[in-house]
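Trainee: need a 3D model of the sequence below.
(chains A, B, C and D)
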Number of protein chains: 2
Amino acid sequence: MARRKSTIDETCPVARSVDVIGDRWSLLIVRDAFDGVSRFGDFQRSLGVARNILSERLRRLVEADILETRPASDGTAYQEYVLTAKGESLFPVVVALRQWGEQYLFSHSEQHSILMDKATGQPIPYMTPQSGDGSAVTSSETVVKKLP
Amino acid sequence: MARRKSTIDETCPVARSVDVIGDRWSLLIVRDAFDGVSRFGDFQRSLGVARNILSERLRRLVEADILETRPASDGTAYQEYVLTAKGESLFPVVVALRQWGEQYLFSHSEQHSILMDKATGQPIPYMTPQSGDGSAVTSSETVVKKLP
DNA sequence: CCAACCAGTTTTAAATCAAAACCAATGGAG
DNA sequence: CTCCATTGGTTTTGATTTAAAACTGGTTGG
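Mentor: Have a look, this model is predicted:
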């Protein structure tokens, strides 16, 4: 590509988020991390991503404080990658993408995975933005305000 | 790049979603569309994206049934791009990205925009996955189940 | 101690991207 | 009606990124 125009001066939160995790692999790495994957080789096998790309993405995610490294919990000398609090906060993003995909990207007959509540065994209902009183709001009922 | 490995056979909804909108521009185009932008030139000026890239992305989004074209509402012979129902359904994704960005990607003193409820003038509360009874659930309280 | 494994890094070729030039159709001024 | 600026792209051309595979060096198991 020509040099990527950095959106670092962007005042839109969506643009900044996309700048950090808006590529083909970062969100899938985060998804796997939510799923308990933590080792380099496990990410690599799970995603089928090239190792150099995985290496660079993991480094970026660690730099962005979304993942952190620590000594492997299984006693080996290797390290593992785990979500930070900032990374855990991406849960709604991953769930929103998952639910949208569930609704629109599978043919009716096609099987796909769904997100369940461990406690009740019921599917997690579709997430939606809500007003202060808990009622759902649509995009046309909201407006983006620039703070002064 | 070497040829992109298509994730079309992927059974994970997150992977399919990322395959459709997981690039630097598509989600920003959708965000602008939520904001009322509909004309080629307006997207181009708003995003600062190269025109050929914008053209290709708009075509992809139309093919994916996220946007659709129709005659411009202002009487000119040009066309405009508007969100379909499928595109409107990306609202939770955009809001989740926005809210994560608001929380983590701005220094405390830095100004940024926030999403408000038009009716009440109050900020939209942070979205979170909920259990069937409306209580928030964390990632560790959920599990991904593959349907048979 | 040796072989297999893990976690990367380097190398190389292909694909994509960004910028700018180019082009056709539209619309507005006079 | 004519000229010219605007709109909405497409084409061309390098720069950059990506993917795949080969390579490296420490680790672990036998």
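Trainee: and A:E10, how close does it get to A:F106?
Mentor: Counting by C-beta to C-beta, to the nearest Å, the gap from A:E10 to A:F106 is 33 Å. For glycine as for every other residue, the C-beta is placed from the backbone atoms N, C-alpha and C.
Trainee: neighbour count winner among the two?
Mentor: A:E10 (18 against 14; other C-beta atoms under 10 Å in any protein chain shown).
Trainee: look up the pLDDT of the more buried one for me, please.
Mentor: Looking at A:E10, its pLDDT stands at 76.
Trainee: wait, it touches A:D19, no?
Mentor: Yes - A:E10 is within contact range of A:D19, at 7.3 Å (criterion: C-beta atoms under 8 Å).
Trainee: burial count for A:D74?
Mentor: For A:D74, using other C-beta under 10 Å, the count is 9.
Trainee: same question, A:V95
Mentor: If you count neighbours by other C-beta under 10 Å, A:V95 ends up with 26.
Trainee: look at it and give its secondary structure.
Mentor: helix (DSSP: H, G, I helix; E, B strand; the rest coil).
Trainee: any idea how far it is from chain B?
Mentor: 5 Å (C-beta to the nearest C-beta, to the nearest Å).
Trainee: repeat that for A:S17.
Mentor: If you measure A:S17 against chain B using C-beta to the nearest C-beta, the figure is 4 Å.
Trainee: how about A:A136?
Mentor: 10 Å.
Trainee: ditto for A:I124
Mentor: 5 Å.
Trainee: what of A:G121?
Mentor: Distance of A:G121 to chain B, given as C-beta to the nearest C-beta: 9 Å.
Trainee: likewise for A:K118?
Mentor: Taken as C-beta to the nearest C-beta, the span from A:K118 to chain B is 5 Å.
Trainee: mind checking pLDDT for that residue?
Mentor: 95.
Trainee: pretty sure it contacts B:K145?
Mentor: No - applying C-beta under 8 Å as the test, A:K118 and B:K145 come out as separate, 10.0 Å apart.
Trainee: so which residues of chain A form helices?
Mentor: Secondary structure of chain A (DSSP state H): helices located at A:13-21, A:26-34, A:40-47, A:51-63, A:85-88, A:91-104.
Trainee: for the fifth one, buried residues please.
Mentor: By that I understand helix A:85-88. A:K86, A:G87, A:E88 (16 or more other C-beta atoms under 10 Å in any protein chain shown).
Trainee: now, which of those residues sits nearest chain B?
Mentor: Nearest to chain B, judged by C-beta to the nearest C-beta, of those is A:K86 at 5.2 Å.
Trainee: any stretches of chain A with poor pLDDT?
Mentor: For chain A, the stretches with pLDDT under 70 are A:1-9, A:148.
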